[in-house]
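Colleague: here's a sequence, model it:
(chains A and B)
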There are 2 protein chains.
Amino acid sequence: MLERAFGLATDLYELTMAAGYFENGLQNRTAIFELFVRRLPQRRSFMIVAGLEQALDYLSTLRITSDQLEYLRKHPTFSRVSPGFFDYLAEFRFTGDAWAMPEGTVAFAMEPMLRITAPIIEAQIVETFLLSTINFQTMIASKAARVVTAAQGRSVIEFGTRRAHGTEAGLLAARSAYIGGCVGTSNVEAGHLFGIPTFGTLAHSFVMSFENEDDAFRAFLKVFPDNATVLVDTYDTIAAVRRLARDFGPAIPAVRLDSGDLCELSKEVRRILDEAGMTNTKIFASSDLNEYRIADLLSRGARIDSFGVGTELATSFDAPALSGVYKLAGLEEQGQMSMRIKLSRDKATYPGAKQVWRQKDETGKYRQDLIRLEDEANIQPGDWHPLLEQVMKLGEAVGPSVPAAGEDRFARLAEARERAQNQLSHLPDDLLTLDSDSKYPVEFSERLNQEREKLEHRIIAMQEPA
Amino acid sequence: MLERAFGLATDLYELTMAAGYFENGLQNRTAIFELFVRRLPQRRSFMIVAGLEQALDYLSTLRITSDQLEYLRKHPTFSRVSPGFFDYLAEFRFTGDAWAMPEGTVAFAMEPMLRITAPIIEAQIVETFLLSTINFQTMIASKAARVVTAAQGRSVIEFGTRRAHGTEAGLLAARSAYIGGCVGTSNVEAGHLFGIPTFGTLAHSFVMSFENEDDAFRAFLKVFPDNATVLVDTYDTIAAVRRLARDFGPAIPAVRLDSGDLCELSKEVRRILDEAGMTNTKIFASSDLNEYRIADLLSRGARIDSFGVGTELATSFDAPALSGVYKLAGLEEQGQMSMRIKLSRDKATYPGAKQVWRQKDETGKYRQDLIRLEDEANIQPGDWHPLLEQVMKLGEAVGPSVPAAGEDRFARLAEARERAQNQLSHLPDDLLTLDSDSKYPVEFSERLNQEREKLEHRIIAMQEPA
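Modeller: Numbers count the residues shown, from 1 in each chain, chains lettered A, B, ... in the order given. This next block holds a predicted model:
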């Protein structure tokens, strides 16, 4: 078994910077970092925020074990670093504050989804874990929302653990796919740890382990008479369904198509089932599905009641990385918070702690988002609401969107899923089409633009000539 | 912290099938399953096998905890399953045997990389974990081999944890990228747990936390005088390098380019460094790199000594899933092993326990692979060698390619990396080009084709008419 304590789940440069701050006596200045995505991946017109629960779990339990410390002490990179740095790491805790969009929030490019305020050394060390967790889960929740939208109300079950990037990725893909709108997953661990409904059928190997297919059906239906989904494509889909109809009739809860022309097969299977009075027997389909194939199947009149989506969902196959970044936006200097930006031409950032405001139009649809400094006065008039809320205070999770110790995690997860569904229903319709050309309007406040410009001039003036 | 015991890291259908076997008294028949990839992903002409160590760790420690068992007992799917099944799960151990290609082996489509022989109920339950682990790590090791090949002897460091599919994916990506030929990783946990060399520089936020860039350089170089890689692109790359040359000279170990036209910048930076007598100062480059961009940079004469490759490597961005499957190849019937195949047109399988044989030509290059039944007599004549070796016996890891308890894991990992490099050097050259049209010859033995045909006829005869 792979045992993991997350103290070293970070990039080495976070620790070299930590040493750099520490050895220069600069480690305790309060810093503001914001996590956001500069550009949405191809084919994406919105994101569904996910991964906050794991991020907060990490921040509130983060320790560096003595074994891990021993490794760092012997690391050649740190050969000139003073013992005081390692003493610091031995006692390391995250003591900062965090603001975030609750899981299930619809978000767009450039919008801070998470903001950390902490001593700079702490804020730096946690960067890698926060990015990895929130990038991945947000990517999958966003992909799931597309797949679920394409299914037009039919159930979608996440099926992808075997193609996920390892079993933790499978587990967290199941979680974020649920937030994005799936009704459940095949991943049993996700059922156990997160309370997500789990579903399963049977594999070709089960059918192949019997001399003939009907023996396999009988053996399986004996054990799962109420909820068996019978896989019918091992040898000949139509023949198998005909025999099921003849021998079992309406007692069959569902059949699963897993190869061939799913559209034509589903129509033919539906006809056979209906003629046998099996109108309650459902048709479940899988086989390299994604949002485009589902949309195509339904547009051609496929008679499918629910979909299992694996590889494409659990890897976000057509856009398998979300390039979230975590950027310094402010830093304490002589007791004052001073704003910070990055200048690089195509990777510019905006300064200061921000809040994202969203406006609804008269029909209740979202009209636009406005990114403002947190301390700008409340917006008037119009139907505006802020998206970021405080989720951690002095290293402890707080606020309505995160589970308190001992609380039922599933209730929070179900809320996140509901939040996503609710917010998606307020999105302008054209953002929900699979290849949307529309871009949701997101702007920076006038004051943010002014502050940014002032800082640009100041930074350029501060650099020494070559 | 996310606590995981791997007992439920599986798909629900593995457990419903397990119940199906158990309740029909069929659970103890010995089964043979083989794990292989039907078709290589786009742009891939070979694979590097990886993930076996984690697979064997899992098999040898797999347990279902009482907490997990409680979850299953209450699961509605199992409402009609007898208490005996749960008693069985409470004592569940993997007791089977396994054969595998050692990590670092070059493999091709249709070749079994792992073969499990175990009571069918055990072989079934472990399917999901084995697929997830070996699919992912093999995919990353294979991608890494492409990136490293493109770098033509220059060092490549894996940098992708922040974009990996969660932090476990980041950790295992670092491991498999190392097997595939990277010299190290930024992931500290991979250094600690696996002994992989770790590297780090500094981030823009470190530079931005100082009033001017030179203060940041001084602060960092004070702590890491021997091994600092100085990030020079926060404001103006060329100006920063000129000031470094003026103020520090040859004391600078390395500089890092992270944006802009890496080719032109590297030439200009090299010129400035050389003119300042800093011929030993290395140039490290990163910024959305992959094998194609590296090949392009080098073809245009870029003066880069080593590359940091993140997102594209840790997600295998252009082919982010490896579709390995795990198929029943044989099953005990009345004390005899009986072969099994799947018929479906485009997903056919071959029966029986197999061995993969590889032949070298007179120059030492690999000429062809031949997949044969394990019990076919040894091949004569010609320079043939078998690729699969026994790695587990009665649930315990055995053989030269897996670490024994307490043994140094890094030595095994280094061997796997060496094996990959050695085998890659024997590949026909045209398979190593980035867009190879060549297909390495892999054939099935005559006897395998005969057995397959016999079985096809038998299966079709065994199905009942509709």
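
Colleague: from here on, contacts and neighbour counts on C-alpha atoms
Modeller: Fine.

Colleague: point out where chain A drops to low pLDDT.
Modeller: Residues of chain A that meet the criterion pLDDT under 70 lie in A:1-4, A:344-346, A:401-407, A:464-466.

Colleague: so for chain A, the centremost residue is which one?
Modeller: The residue lying closest to the centre of chain A (C-alpha atoms, centre = their mean) is A:Gln137, at 2.1 Å.

Colleague: is chain B within reach of the helix or strand that residue falls within?
Modeller: For A:Gln137, the host element (DSSP states H and E) is helix A:127-150. Yes - counting by C-alpha under 8 Å from any C-alpha of the partner chain, contacts between helix A:127-150 and chain B involve A:Thr128, A:Phe129, A:Leu130, A:Leu131, A:Ser132, A:Thr133, A:Asn135, A:Phe136, A:Gln137.

Colleague: ok, the closest residue to the fourth one other than its chain neighbours - contacts?
Modeller: Distances taken as C-alpha to C-alpha, 6 or more residues apart in numbering or on different chains put B:Arg162 closest to A:Leu131, at 5.2 Å, once the chain neighbours are dropped. Taking C-alpha atoms under 8 Å, 6 or more residues apart in numbering or on different chains as the criterion, B:Arg162 is in contact with A:Thr128, A:Phe129, A:Leu130, A:Leu131, A:Ser132, A:Thr133, A:Asn135, B:Gly170, B:Thr311.

Colleague: switch the cut-off to 7 Å
Modeller: By C-alpha atoms under 7 Å, 6 or more residues apart in numbering or on different chains, the contact list for B:Arg162 reads A:Thr128, A:Phe129, A:Leu131, A:Ser132.

Colleague: reformat those as TSV; add neighbour count and distance to A:Pro381.
Modeller: Shown next, in TSV, are those (neighbours: other C-alpha atoms under 10 Å in any protein chain shown; distance: C-alpha to C-alpha, whole Å):
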residue	neighbour count	distance to A:Pro381
A:Thr128	25	40
A:Phe129	26	39
A:Leu131	26	35
A:Ser132	29	38
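
Colleague: still on that earlier bit, what's the distance between the residue nearest to the centre of chain A and B:Ala55?
Modeller: 25 Å (C-alpha to C-alpha, to the nearest Å).

Colleague: just A:Gln463 next, same as before
Modeller: 53 Å.

Colleague: closest to chain B among the contacts of B:Arg162?
Modeller: Taking C-alpha to the nearest C-alpha as the measure, chain B sits nearest to A:Ser132 out of the contacts of B:Arg162, at 4.2 Å.

Colleague: isn't that closest one right next to B:Glu168, touching?
Modeller: No - using C-alpha atoms under 7 Å, A:Ser132 is not in contact with B:Glu168, being 9.5 Å away.

Colleague: returning to that earlier point: now the contacts of B:Arg162 as a markdown table including distance to B:Gly399?
Modeller: Listed next are those as a markdown table, based on distance: C-alpha to C-alpha, whole Å:
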| residue | distance to B:Gly399 |
| --- | --- |
| A:Thr128 | 37 |
| A:Phe129 | 36 |
| A:Leu131 | 39 |
| A:Ser132 | 36 |
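
Colleague: closest to B:Thr30 out of those residues?
Modeller: Nearest to B:Thr30 among the contacts of B:Arg162: A:Ser132, at 41.3 Å, using C-alpha to C-alpha.

Colleague: residue contacts, the closest one?
Modeller: Residues near A:Ser132 by C-alpha under 7 Å, 6+ apart: B:Thr161, B:Arg162, B:Arg163, B:Ala164, B:His165, B:Gly166, B:Thr167.

Colleague: that concludes my questions; thank you for your assistance.
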